[in-house]
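Trainee: Give me coordinates for this.
(2 chains)
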Amino acid sequence: DQQVKQNSPSLSVQEGRISILNCDYTNSMFDYFLWYKKYPAEGPTFLISISSIKDKNEDGRFTVFLNKSAKHLSLHIVPSQPGDSAVYFCAAKRARAGGTSYGKLTFGQGTILTVHP
Amino acid sequence: GAGVSQSPSNKVTEKGKDVELRCDPISGHTALYWYRQSLGQGLEFLIYFQGNSAPDKSGLPSDRFSAERTGGSVSTLTIQRTQQEDSAVYLCASSPTGGYYEKLFFGSGTQLSVL
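Mentor: Next up is the predicted model:
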């Protein structure tokens, strides 16, 4: 039961162009969404997040868009740089309900982004 | 160090043996999490500790898995009678208070290989 899905295992982009990473979710109880970036042999690092009360959040070159009706979010990186090459994970959190703790993030499978110089 | 520290970084073991994985969270962080990433999969939640509250163990895949956190700091994840399907990267994370909107700080993980 994959509640968070990243259907593109990989994405290749030219330096300077836009990278768009997509994520779909099935659980309508999710109300907070995050993107993490992971380099090889390192732990994931937080990139950007968005609450379900918003449809867009921007931080420098990174923008996350949320379409609640479609249960879809996307991460835009503009302009893309070679140093952005990494695995990007989408993650979701649901409000505490039925004993669910705040601790659980549900992650997608990740998308490998390669930015070519 | 300033980050989350995990040891060992790599562990190779034989099927049926027990293993212990250690996590040192960021000093002062009260919330501690264990996740694992199997090959080609996303991160899978295992267990969550928050202060003195009872841990959320809902993600532990079987009773061979257990974890403890001593003195509200260091945590140990123990896998008994390891199986080949336990092979994965085990990631520990911490956050300051476990607040809903807090970001998690991850360690570099322990790569576990069960032969």
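Trainee: from here on, contacts and neighbour counts on C-alpha atoms
Mentor: OK.
Trainee: How about the residues of chain A by chain B?
Mentor: A:32, A:41-46, A:89, A:101-110 (C-alpha under 8 Å from any C-alpha of the partner chain).
Trainee: of these, buried ones?
Mentor: Among these, those classed as buried by 16 or more other C-alpha atoms under 10 Å in any protein chain shown are A:32, A:43-46, A:89, A:101-110.
Trainee: Among the residues of chain A next to chain B, which lie within strands?
Mentor: A:32, A:45-46, A:89, A:106-107 (DSSP state E).
Trainee: from those, which two are the most distant?
Mentor: A:Tyr32 and A:Thr45 (16.8 Å; C-alpha to C-alpha).
Trainee: quick revisit: from the buried ones among the residues of chain A next to chain B, which two are the most distant?
Mentor: A:Ser101 and A:Gly110 (23.8 Å).
Trainee: Make CSV out of the ones in strands among the residues of chain A next to chain B and add pLDDT.
Mentor: CSV is the format used below for those (pLDDT from 0 to 100):
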residue, pLDDT
A:Tyr32, 93
A:Thr45, 96
A:Phe46, 96
A:Phe89, 96
A:Thr106, 92
A:Phe107, 94
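Trainee: Show me what from chain B comes close to chain A.
Mentor: Counting by C-alpha under 8 Å from any C-alpha, the residues of chain B near chain A are B:33, B:40-45, B:48-49, B:56, B:91, B:98-101, B:103-109.
Trainee: Columns distance to A:Asn67 on top of the ones in strands among the residues of chain A next to chain B, output as TSV?
Mentor: Shown next, in TSV, are these (distance: C-alpha to C-alpha, whole Å):
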residue	distance to A:Asn67
A:Tyr32	12
A:Thr45	24
A:Phe46	21
A:Phe89	18
A:Thr106	18
A:Phe107	18
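Trainee: Can you read off the backbone torsions of the residue of chain A found nearest chain B?
Mentor: The minimum distance from chain A to chain B, using C-alpha to the nearest C-alpha, falls at A:Gln109 (3.7 Å). Backbone geometry at A:Gln109, expressed as degrees, to the nearest 10, gives phi -80, psi -10.
Trainee: Contacts only, for it.
Mentor: The contact partners of A:Gln109, taken as C-alpha atoms under 8 Å, 6 or more residues apart in numbering or on different chains, are A:5-6, A:9, A:89, B:40-43.
Trainee: Between which two of the residues you listed is the distance greatest?
Mentor: Most distant of the contacts of A:Gln109, by C-alpha to C-alpha, are A:Pro9 and B:Leu43, 14.5 Å apart.
Trainee: Comparing those two, which residue is more hemmed in?
Mentor: B:Leu43 (24 against 13; other C-alpha atoms under 10 Å in any protein chain shown).
Trainee: for chain B, which spans come out with low pLDDT?
Mentor: Within chain B, the segments meeting pLDDT under 70 span B:1.
Trainee: so where do the strands sit in it?
Mentor: Using DSSP E, strands in chain B cover B:5-7, B:10-13, B:19-24, B:31-37, B:43-50, B:65-69, B:75-79, B:88-95, B:105-106, B:110-114.
Trainee: now, of these, which is deepest in the fold?
Mentor: strand B:88-95 (a mean of 26; mean count of other C-alpha atoms under 10 Å in any protein chain shown).
Trainee: Distance from that strand to the middle of the chain?
Mentor: Relative to its chain's centre, strand B:88-95 lies at 5 Å (C-alpha atoms, centre = their mean, to the nearest Å).
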